[in-house]
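Participant: I need the structure of the sequence given here:
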Amino acid sequence: MITALVVLSLIVCMVLALVLFGQQDALLAAHHRIRAATPWLALVQLAAIAALWLAWPWLVDRLRTRWPEDARAALLAARHRICIGLLLVELVVVLGLPFNLL
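Facilitator: Numbering: from 1, shown residues only. As a prediction, this is how the structure comes out:
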């Protein structure tokens, strides 16, 4: 959490420095590069969700000594719901799918 906060504050400081020193062209170029990389990054995130879905039983089995059996069964049963939820968040928030079609 602290690492994410530090990285975010560094990004904000860099953007403010670029704006204050009149380097809007650099910001525009970075924006175009990020926009061009968005489909590839979305594919990486979708692949990570697919890997989680495939590795879910193995990950739950690793919790055998720490969690009771009924909790493990509930986690195994929730596999599809959690991965579909992650997929929907990816499509709506990251790709903005229904809103980009308008």
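
Participant: hang on, isn't Leu75 packed against Leu63?
Facilitator: Yes: with contact defined as C-beta atoms under 8 Å, Leu75 counts as touching Leu63 (7.5 Å). (Glycine included, C-beta is placed from N, CA and C.)

Participant: and these two? Which one has more around it.
Facilitator: When Leu75 and Leu63 are compared for neighbours, Leu75 comes out ahead with 16 against 12, by other C-beta atoms under 10 Å.

Participant: spatially nearest residue to the more buried one (excluding sequence neighbours)?
Facilitator: The shortest distance from Leu75 to any non-neighbouring residue, by C-beta to C-beta, 6 or more residues apart in numbering, is to Val60 (4.8 Å).

Participant: okay, and that neighbour sits in which element?
Facilitator: Per DSSP states H and E: Val60 is located in helix 24-61.

Participant: against which helices or strands is that helix packed?
Facilitator: Under the contact criterion of 3 or more C-beta pairs under 8 Å, 6 or more residues apart in numbering; DSSP states H and E, helix 24-61 touches helix 2-20, helix 69-77, helix 79-89.

Participant: so which of those helices comes closest to Ala51?
Facilitator: helix 79-89 (10.3 Å; C-beta to C-beta).

Participant: pull the contacting residues for the residue positioned nearest the centre of the chain.
Facilitator: In the chain, the residue lying closest to the centroid (C-alpha atoms, centre = their mean) is Gln45, at 6.0 Å. Residues in contact with Gln45 (C-beta atoms under 8 Å, 6 or more residues apart in numbering) are Glu90, Val94.

Participant: neighbours of Ile34, just the number please.
Facilitator: Neighbour count of Ile34, defined by other C-beta under 10 Å: 10.

Participant: kindly report the same for Thr3.
Facilitator: Thr3 has 7 neighbours, counted by other C-beta under 10 Å.

Participant: name the nearest residue to Val92, sequence neighbours excluded.
Facilitator: That would be Pro98: by C-beta to C-beta, 6+ apart, it lies 6.9 Å from Val92.

Participant: Leu88 is in contact with that neighbour, correct?
Facilitator: No: if you go by C-beta under 8 Å, Pro98 and Leu88 don't touch, sitting 10.7 Å apart.

Participant: fine by me, thanks again.
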